[in-house]
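Enquirer: Provide a 3D model corresponding to the input given below.
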Amino acid sequence: MSLLRASGLQWHVRISQISQFVQRGRLASRAKRYHSDNADSSSWGLENALCSPTLPLIHKGVHAFVLGRPGLFTISDEVLEAMKDRTPIVGLETAIYTHGFPKPNNYDLALEMEATVKDHGATPATIGILNGRIMIGMTPEQLRELAESAGSENTHKISRRDLAYHIAASGPLLNGGTTIAGTILLSKLAGIRVIATGGLGGVHKGGENSLDISADLTELSRNTVAVVTSGMKSFLDIPRTLEFLETQGVFVSTFGKKTERVDIPGFFSRESGYISPYTIESPEEAARVLLANDRIGLHSGNLFFNPIPKEYEIPKSEMDPIIAAAVEDSSSVTGKDNTPAVLAEIVKRTEGRSIEANRRLVLDNAKIGAQMAVEFSRLLKEFKARQKEYQSTQLKGKKNPNSETKSSSNQNPQSPARENAGPDSDSIIEETNGAFGTGAMKDTLPAEERNSSNTILVVGGVGIDVVGKSTAQEVQLRASNPGVVTYSVGGVAKNIAATLRQLDPPAPVRFLSAIGKDMNGISVLQELQRLGISTKDVTVKKDSRTACYAAINSDEVEGGLSAAIADMDVIKSIQGKDIAAAIESYKPKIVCFDGNLDTAAMKELCIAAKEQGALVVCEPTSAPKSKQIASMLADLGLELEYPIDIISPNLDELDGILEVVNSKLPTSKENSERTKPQVQESFQRNQTILKSLKNIIPRANDLIQSARSKLALDIDAQARGSNSAQFNAPSEIQLAKCITKSIELLHLTPTVITKLGRKGVVIVRTVQHPNPAEASTRSCYSLQQEIQVRPKGNVVLDFFLPIEPYNPVNRIIGIHIFWAHAVNVLEPHAVVSSNGAGDTFLGAFLHSLLNKEAQAPGDIIASPWTYLQDEQVAMLAHKAQLAAIQTLKSHESHPVRNKNAQESQKRRQEEKIWAKIKGTCWASKEMVDSLDRLGGKADSS
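Expert: Next up, the predicted model:
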């Protein structure tokens, strides 16, 4: 009888599932599954065979082993997230807590080690055995439980030989602190490449006779893991340990300067008297060695000694006699208990100094280990990207080996290149065809723009816009309405980025967003590349839906939008740390984000951008989302002056922002103590300005009404009949509401741009100047008000409200209020789609701001952007309004440059996709025939 039958198990192979397994990762070998005779067949399948319901299905990659064995390994949520996101992880041993440090200091050290790793950009994975389960990462509660179990009869040191017993033994559940050997083994199984620890085991003195040699050394020879340590434990035989490591093929090095003599550290001392075989000068160099080890395929470990910081070392001359005495006194203790006995004797003889030295050196090792892991992760991603690019090049060469020759011979040297037509559709399809994996795409931004000092980083939503516009005279609720439905790629942040790229000259834009691994995601990537927007920072989320926005438009509603539904969960998954990393990497001049982000991510964005000195711009997106932005802004604004430099709401969004901000005023009892003095001063100053507005608003309204009359008199009859002659102005109540609410926000954001649709745009901002006497405000100490009627009916209202006395610290000299009449107002029937018009306005405004000339001497400097006077301010608004008009007249949610060329390219791209679908092996004859019929209908129409 076989062992299977004796245990009541049978071996079943479900042939029907093998092909599915092959398609899901070529795991036909795993299609075999043991199950009991009473097993529920509904539980069969790859997910249940490999993973628990709480874990994501990951068939490939370095973490697959532990993820596929949930009955053996427990992975913390933090480590699991890092595995999914392919971010750096550092393994940490636990024998130091169970058999090294005394209680309760062992628990405190465990928390310090994890905090140090996090502070340097990696995720800590503390490894051990708790209650009979292998832990890859632990919560603070689990760490405490393991640390408090130190010294009990059920808590042991764990090396390779001990693992199986401690998870399978009968009786009480066992705990274990992993030695370096145990941590190396479990890290390798978990796909963790770097571990940080204290002291390495080695050959004990007299080991040539006793064969007392630590398993740390043999485990290093078996696994491609990098170990950061401060040397062999000081009572070991260092020269024999080095000889053993050399025989086992382990790379041994020490951090130091190559121009100096560098010793193997003596753990508590920086020198041991034995020269290090190799010297490594930085964690970056160590990461390169680790990557080279992988590429060669050596399959052996790397040892990086990190000497104890000078200020905490105990000199060798002092430690040598202490160690000799400790070894002598502990000579009767053998086996795995010898090392703890010697260490305890050293603690006693140094009166506890060795404990603090040990603490300092392991924390420094955690720092170096985290830096190595971060650099190794970066190098690995770069290597894989280059490898993928090379393989793609080789693949294309095999498909068409003569393509380069043909194209060069057939090219007409006098024919102009397609201007800004974007990447070829073949490359777009190749980039997203079939196996488009999780992660980020390659950088498609033109090389000359990648290091531009004028870079704009746009962060936020991208997805599919489904827009329905009813053609009925009246929209019927709870009924089907005739109309036109269009499908396009939209998203507030994407619309802004597209506007910046499509206007002339194209702005150097970096776009950070996230999509799901679905068909909509493929459409998004193809559209972004067609528009010339780099997809390098667009992350593909495996188990998420690509964002989608479904809208119903109607001529019956002002602004065109009747209702909409937004599914933006994937955008909220964007992590603040990823945004901060992009800001640090690109050092953009402007960072623009929309309201689809999570509030925590918004906060990290603002802080990181301010640290880099970037201009922070926010598009609130919607009234509900504007309240989330306001909450973040009000809280962060108590500690950080001007978290957002420019915010661009409509009236509804402005209402939502003020509703939240007024509930969190800096003068309130709960906020006053933690509010910065400059924020308090700004708030009080604006309150004073608000009191003077009761006389200003009526005057502004009178000026607008007089301009209406003047416009009617000045233009000829033909102009009066054209769109340009239409005059739509806000009412006195609307104007008052817009200006007062904007001023109420100026202590948090110094520029508020309120979009009023057909009634124009209002800009309210603070004005700064280092020397007010030189500011050309015409007369900055008296109220300036002006209404101008420009050619073709362009009307602006310009106010300057001076602030006295002048404060040289904040340099604010006044508040500028500007209103511009909407240009080229469209009739309702001429509006094709209102989606993206507001986004286009902001994108075009930033485009003009980015490309403006330097200010002339004497011009007012506003916070945060240069004060462009008279015609120049109007031109900024005018260009932005014209771009928005272009969007209103098309199905696109942004302006399109070379529209015919882009539409032609899009058609070619769609034809390529249909051809690929028709040519796949799984397409049935009926499907091909139906596609042909569809193609025929499309052609004939």
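
Enquirer: does residue 468 sit in a helix, a strand or a coil?
Expert: Classification of residue 468 using DSSP: H, G, I helix; E, B strand; the rest coil returns strand.

Enquirer: how near is it to residue 531?
Expert: 24 Å (CB to CB, to the nearest Å). C-beta: built from backbone N, CA, C; applies to glycine.

Enquirer: cool, residue 505 as well?
Expert: With the distance defined as CB to CB, residue 505 ends up 15 Å from residue 531.

Enquirer: tell me which of those two has more neighbours.
Expert: Ranked by neighbour count (other CB atoms under 10 Å), residue 505 and residue 531 place residue 531 first, with 24 against 10.

Enquirer: give me phi/psi at residue 280?
Expert: The phi/psi pair for residue 280 (degrees, to the nearest 10) reads phi -120, psi 130.

Enquirer: can you pull the contacts of it?
Expert: 253, 254, 255, 256, 286, 289, 304 (CB atoms under 8 Å, 6 or more residues apart in numbering).

Enquirer: these: which two are farthest apart?
Expert: Farthest apart among the contacts of residue 280 by CB to CB are 256 and 289. That separation is 14.7 Å.

Enquirer: residues in contact with residue 815?
Expert: 689, 743, 746, 764, 765, 766, 767, 800, 801, 803.

Enquirer: please apply the same query to residue 200.
Expert: Shown in contact with residue 200 (CB under 8 Å, 6+ apart): 180, 214, 216, 227, 229, 231, 232, 233, 241, 303.

Enquirer: quick check: bridge partners of it?
Expert: For residue 200, the residues forming beta bridges with it (DSSP bridges) are residue 232.

Enquirer: can you tell me how far it sits from residue 325?
Expert: On the measure of CB to CB, residue 200 and residue 325 end up 22 Å apart.

Enquirer: quick one: the strands in the stretch 551-700 of the chain, in order.
Expert: Taking DSSP state E, counting those that start in this stretch, the strands of the stretch 551-700 of the chain run over residues 561-567, 590-594, 615-619, 646-647.

Enquirer: tabulate those strands (JSON lines), appending distance to residue 548, mean neighbour count and mean pLDDT.
Expert: Formatted as JSON lines, the strands of the stretch 551-700 of the chain follow (distance: least, CB to CB, whole Å; neighbours: other CB atoms under 10 Å; pLDDT from 0 to 100):
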{"stretch": "strand 561-567", "distance to residue 548": "5", "mean neighbour count": "15", "mean pLDDT": "82"}
{"stretch": "strand 590-594", "distance to residue 548": "16", "mean neighbour count": "28", "mean pLDDT": "96"}
{"stretch": "strand 615-619", "distance to residue 548": "19", "mean neighbour count": "26", "mean pLDDT": "95"}
{"stretch": "strand 646-647", "distance to residue 548": "26", "mean neighbour count": "26", "mean pLDDT": "94"}
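
Enquirer: now those strands as TSV including distance to residue 140?
Expert: Output for the strands of the stretch 551-700 of the chain, formatted as TSV (distance: least, CB to CB, whole Å):
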stretch	distance to residue 140
strand 561-567	35
strand 590-594	33
strand 615-619	34
strand 646-647	39
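
Enquirer: and the contacts of residue 200, which are buried?
Expert: For those, a burial check counting by 16 or more other CB atoms under 10 Å picks out 180, 214, 216, 227, 229, 231, 232, 233, 241, 303.

Enquirer: pLDDT wise, what is the closest residue to the last one other than its chain neighbours at?
Expert: Right, the one you point to is residue 303. Among residues not flanking residue 303 along the chain, residue 252 sits closest, at 4.8 Å (CB to CB, 6 or more residues apart in numbering). For residue 252, the pLDDT comes out at 96.

Enquirer: pull the helix or strand that contains residue 252 out as CSV, backbone CA atoms only.
Expert: Using DSSP states H and E, residue 252 maps to strand 251-255. Taking only C-alpha atoms (Å, rounded to 0.1, in the frame of the first residue of the first chain), the coordinates of strand 251-255 have been written out as CSV:
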residue,chain,number,x,y,z
PHE,A,251,32.2,37.0,-1.3
VAL,A,252,33.6,38.8,1.8
SER,A,253,34.1,42.6,2.0
THR,A,254,34.1,45.5,4.5
PHE,A,255,32.8,49.0,4.2
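
Enquirer: paired strands for that strand, with orientation please.
Expert: Strands that pair with strand 251-255, judged by DSSP bridges, come out as strand 279-280 (parallel), strand 302-305 (parallel).

Enquirer: give me the contacts around the longest one.
Expert: Translated: strand 302-305. Identification of contacts with strand 302-305 by CB under 8 Å, 6+ apart yields 200, 220, 224-231, 245, 250-255, 264-265, 276, 280, 286, 289-290, 293, 368, 372.

Enquirer: nearest to residue 96, of the contacts of residue 280?
Expert: Distance to residue 96 across those (CB to CB) is lowest for residue 304, with 17.8 Å.

Enquirer: and the longest helix along the chain, what does it pack onto?
Expert: Identified as the longest helix of the chain according to DSSP state H is helix 353-399. Helix 353-399 sits against strand 89-92, helix 105-119, strand 194-196, strand 226-229, helix 283-296, helix 338-349, with contacts defined as 3 or more CB pairs under 8 Å, 6 or more residues apart in numbering; DSSP states H and E.
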